[in-house]
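Could you work out the structure for the sequence below:
(2 chains)
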2 protein chains.
Amino acid sequence: MALTKRAPASRMSKILLGTFIHSKSRAQLEYLHNAAVAVDKDGTIVALAKDDHSADAAKDKALRDMGWDVNEVDVVRCEEGQFFFPGFVDTHVHASQYPNVGIFGKSTLLDWLEKYTFPLEASLSDLSKARKVYTACVRRTLSHGTTTATYYATIDVAATNLLADLCLSIGQRAFVGRVCMDREDLCPSYYRDASPESSLHATQECVAHVSKIDPGYDLVSPILTPRFAPSCSGNSMNGLAKLHRELHLPVQTHISENKGELQLVKDMYPDAPSYAAVYDAHGLLTAKTVVAHAVHLTEDEGRLIAQRQSKISHCPCSNSCLTSGEARVRWMWEKGIEVGLGTDMSGGYSPSVLEAARQAALVSRHLAMQIEDEELRERSKLTVEEVLYLATRGGALCLGLGDKVGSFQVGKQLDAQLIGLGVVGDDGTRAGEGAGDWVDAGNVDVFGWETWDERIAKWLYNGDDRNTKKVWVKGRLVHSRR
Amino acid sequence: MALTKRAPASRMSKILLGTFIHSKSRAQLEYLHNAAVAVDKDGTIVALAKDDHSADAAKDKALRDMGWDVNEVDVVRCEEGQFFFPGFVDTHVHASQYPNVGIFGKSTLLDWLEKYTFPLEASLSDLSKARKVYTACVRRTLSHGTTTATYYATIDVAATNLLADLCLSIGQRAFVGRVCMDREDLCPSYYRDASPESSLHATQECVAHVSKIDPGYDLVSPILTPRFAPSCSGNSMNGLAKLHRELHLPVQTHISENKGELQLVKDMYPDAPSYAAVYDAHGLLTAKTVVAHAVHLTEDEGRLIAQRQSKISHCPCSNSCLTSGEARVRWMWEKGIEVGLGTDMSGGYSPSVLEAARQAALVSRHLAMQIEDEELRERSKLTVEEVLYLATRGGALCLGLGDKVGSFQVGKQLDAQLIGLGVVGDDGTRAGEGAGDWVDAGNVDVFGWETWDERIAKWLYNGDDRNTKKVWVKGRLVHSRR
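Numbering: from 1, shown residues only, chains lettered A, B, ... in the order given. The predicted model follows:
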């Protein structure tokens, strides 16, 4: 073996071996034990084999299926109790606000923007500062298993392009949006686009940059990003909509996060039937649009969003921190709207989509507390399975990646994480942990008698980045820890 | 120096050196920079010196004050950006339920007890299982900076005594309660005390055990623990109250957590004016009583609890998980009631009091969302300072430890933690972190421009056990990590 010349593991085909867990549907997780997932050099899943008794037998099946020689593939085996899980999809995150996580005081949306957010975003026109912030953000979110991130950058072209460069080089699948905001009356003078024309031109520069560094948008894609209706002129929104129709690029924006914001939109567009209708009238509510928050939507707006097949990014952590409200995921689903999760850093304090999933479960319980009817109340709570669906397949569907990532299926790409939990020994200490020592396997303690369902619940509620041992994006190992 | 014979550090006097942060009041944190805290061999803080410019000058002052030789004290210096903080006080935690953290499905209190809780608690009469669970629980909570824990064990005498032994040997300040539950109609047949007399007798056995292993209750104290009104007969509660009056032991129980439970109590005591009045009528509502949850208290109950000077353990994580409701901390404060935080594992999923503090801030925001009046709404939110007060001094006051722990003051004992945050370098990586490497300093990223207030907010919202570098209880170093 020592003499066999092998290609570097990153360029080799791979076989992942062990237990694979992913969403079969919104309500159900599928557990594939003793399974082998074969991944080709391009990062595509090309075979999935199972065996009733042994992972090695599954491996042999997969090798036979592919006609691969075991010496020419990289075999990644999960240890006892570990499992593979799809990478997380963060459908709404402000990379530029990462340094402010946890800093919001008692503010709510509009004063938070003025006090904490705009000054920080504006300061990232300093490219050395932008490099520091964006590198830390991409590395941090990857370490939490975020294989796809939908980023807001800032209004600055060079800094936004730098974020796209960093995603590509570090290896995170990303949508990178230059923030458009040109309304003189509502954007601060030190931080706004000079005109609708210059806003559009700057956006086109960012699109051109991504087209140059990743021509097929295989890993990084531009995304059109009107900040939200109150900060964009009608002309600017119309211009972005035209670009959207011509280039078929996705769109992201905010909607109905906070009551002050609702009033602002009403004052700005007194004749519009609703907030959602404002985006619709400007051509920005389409099947490729992700609107974040959607806390206070009316029935009419829900129907309109469903009709346009637009998607919603649910940001529970942010909505709780900024006292915005409690968004109704089950109501959205019942309207036929696809929903994903957003960390919304730094409105939300955590870079972790697992934390967002946890918070989605909690917010659904806060909603339930207000429901008198017992059956309706019980039904409104989101389950472990449902919030993990939001974190993976739901997010992938929101971003048009439903056939590419979000589960382990032949033809999809390998965006995945290897999860390991802590195992408590009979003496109450962790394996390998001596007196005074501390093995840092995180906070999930498995005692040995838990079912798989219970292990997953424990991971959802107490897991953190320590449980994410390895992360692959498009087959490339982009993060690992002991 | 190498020839100087030194006592082992644990038996030596200590000087802690650097930045100390603690609650000055509910609303305010005090920052002591360049400070030195001198701690004698018994773990008592005997001097506190400050200097305007240098920690070393403060150290020299403290040495002079105490007449100590620097070679005979253990000097603990915090590194740049680190700080000392009081240890956390967990005023409500079920050690026996630790293996179930994160496992609650869609259940609420009463079905959760039947389905998840009673079977696990009953199984801990197996002492080898109890040792595994309790050791893991004590070590885990210490690693999160919990220097004082108020535990519910189980009904089993030997296992409860084992928990007390473990707290004493591992070094956690603790109140250890044998759970009393004897009502035939409401406790499962496989898990209940045989009679009021046997319940009382078993409790006395546990009290006697702690009196033997820690005669002055210096570190570990018994606590009388009627589970809650629905599980205790009147005779059993009266018996505990008699013991309470005779031995001056503290009491803990649950109150008004869930609406089903409220109805149950109403059905059991149709003539009682309220749930709180039931405890009061049985002599269990006193200045040494801590009642947990208190979500649905009436105005009358609030006044009664205040009048009796009883204390409340607020358990926000549990109340959200089990859909119990949103307890009103500010309302309790306005009534004049002292409040602390409880993790309430495993109703709450997290062993961390820092997480409980975070959740207290979030729950106060969910309450605020329901308030129309803007001024009242803003006022109802709990601040960073307030939830950290709940986690330390508030908890200490609830447990009658107000003059012993909770802040850095001469005469108090050293129950403290050393906190370290992660520092992001100019290239966006952590100090010491190379390509492909990952320094595990946790999730708090300090970029360098944050104020101290902002650092504390970042720690509150993204901190975890990785930021708790060292933990001392009564001057003894009981946990450390790199």
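
gap between the two ends of stretch A:389-398?
End-to-end span of stretch A:389-398 (C-alpha to C-alpha, to the nearest Å): 12 Å.

Buried ones in it, by neighbour count?
Using 16 or more other C-beta atoms under 10 Å in any protein chain shown as the test for burial, stretch A:389-398 gives A:Tyr389, A:Leu390, A:Ala391, A:Thr392, A:Arg393, A:Gly394, A:Gly395, A:Ala396, A:Leu397, A:Cys398. C-beta: built from backbone N, CA, C; applies to glycine.

Likewise for stretch A:61-79?
Buried, per 16+ other C-beta under 10 Å, within stretch A:61-79: A:Lys61, A:Ala62, A:Leu63, A:Met66, A:Trp68, A:Val73, A:Asp74, A:Val76, A:Cys78.

Now the residues you listed in CSV, please, with extra columns for distance to B:Leu168 and pLDDT.
Formatted as CSV, the buried residues of stretch A:61-79 follow (distance: C-beta to C-beta, whole Å; pLDDT from 0 to 100):
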residue, distance to B:Leu168, pLDDT
A:Lys61, 56, 97
A:Ala62, 55, 97
A:Leu63, 57, 96
A:Met66, 60, 96
A:Trp68, 59, 97
A:Val73, 54, 96
A:Asp74, 51, 96
A:Val76, 45, 97
A:Cys78, 40, 93
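
How about the stretch 151-300 of chain A: which residue is closest to chain B?
A:Leu166 (8.3 Å; C-beta to the nearest C-beta).

er, the stretch 1-150 of chain A actually
Counting by C-beta to the nearest C-beta, the stretch 1-150 of chain A gets nearest chain B through A:Thr135, at 2.5 Å.

Show me what the helix or strand containing that residue is packed up against.
Using DSSP states H and E, the element containing A:Thr135 is helix A:127-143. Identification of packing neighbours for helix A:127-143 by 3 or more C-beta pairs under 8 Å, 6 or more residues apart in numbering or on different chains; DSSP states H and E yields helix A:157-170, strand A:468-473, strand A:476-480.

That helix - what's its average pLDDT?
For helix A:127-143, mean pLDDT is 97.

Other residues contacting stretch A:12-20?
A:6, A:31-41, A:55-56, A:58-59, A:62-63, A:66, A:68, A:72-79, A:82-85, A:408, A:414, A:416, A:475 (C-beta atoms under 8 Å, 6 or more residues apart in numbering or on different chains).

A:Ile255 and A:Leu127, how far apart?
32 Å (C-beta to C-beta, to the nearest Å).

quick one: which of the two has more around it?
Just comparing A:Ile255 and A:Leu127: by other C-beta atoms under 10 Å in any protein chain shown the higher neighbour count belongs to A:Ile255, 29 against 14.

who are the neighbours in contact with the more buried one?
A:Phe228, A:Tyr275, A:Ala276, A:Tyr279, A:Val291, A:Ala292, A:His293, A:Ala294, A:Leu297.

Share the number of residues neighbouring the fifth one, please.
What it means is A:Val291. 28.

For the closest residue to A:Ser143 other than its chain neighbours, give its distance to A:Ala36.
Distances taken as C-beta to C-beta, 6 or more residues apart in numbering or on different chains place A:Asp465 nearest to A:Ser143, at 4.8 Å, with adjacent residues excluded. Relative to A:Ala36, A:Asp465 is positioned 27 Å away (C-beta to C-beta).

And A:Gly102, by the same measure?
Distance from A:Gly102 to A:Ala36, by C-beta to C-beta: 42 Å.

Give me every residue in the stretch 1-150 of chain A lying close to chain B.
Residues of the stretch 1-150 of chain A lying close to chain B (C-beta under 8 Å from any C-beta of the partner chain) are A:98-99, A:101-106, A:128, A:131-136, A:139-140, A:143.

Can you turn the buried part of these into a ChimeraX selection?
To isolate the buried ones among these in ChimeraX, judged by 16+ other C-beta under 10 Å, type:
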select /A:98,99,101,102,103,104,106,131,132,133,134,135,136,139,140,143
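
Give me the secondary structure label for the closest residue to A:Arg393 other than its chain neighbours.
Nearest residue to A:Arg393, sequence neighbours excluded (C-beta to C-beta, 6+ apart): A:Gly406, at 4.0 Å. Reduced to three states with DSSP: H, G, I helix; E, B strand; the rest coil, the structure at A:Gly406 is coil.

got a list of what A:Gly406 touches?
A:His22, A:Ser23, A:Pro86, A:Val89, A:Thr392, A:Arg393, A:Gly395, A:Ala396, A:Leu397, A:Lys412, A:Asp415.

That one and A:Tyr389: what is the separation?
Relative to A:Tyr389, and taking C-beta to C-beta, A:Gly406 is found at 9 Å.

residues shared between the contacts of those two?
With C-beta under 8 Å, 6+ apart, A:Gly406 and A:Tyr389 have common neighbours A:Ser23.

wait, isn't the residue of the stretch 151-300 of chain A closest to chain B in contact with A:Tyr134?
Yes - using C-beta atoms under 8 Å, A:Leu166 is in contact with A:Tyr134, at 5.2 Å.

Pull up the overlap in contacts between those two.
With C-beta under 8 Å, 6+ apart, A:Leu166 and A:Tyr134 have no common neighbours.

ok, A:Ala277 - how many residues close by?
Neighbours of A:Ala277 using other C-beta under 10 Å come to 17.

actually A:Pro273, not the one I wrote
14.

Show the pLDDT at the closest residue to it other than its chain neighbours.
With C-beta to C-beta, 6+ apart as the criterion, A:Pro273 has its nearest non-adjacent residue at 6.9 Å, and that residue is A:Asp300. Listed pLDDT for A:Asp300 reads 98.

does A:Asp300 sit in a helix or strand, and which one?
Following DSSP H and E, one finds A:Asp300 within helix A:299-307.

again with A:Gly411
With DSSP H and E as criterion, A:Gly411 is part of no helix or strand.
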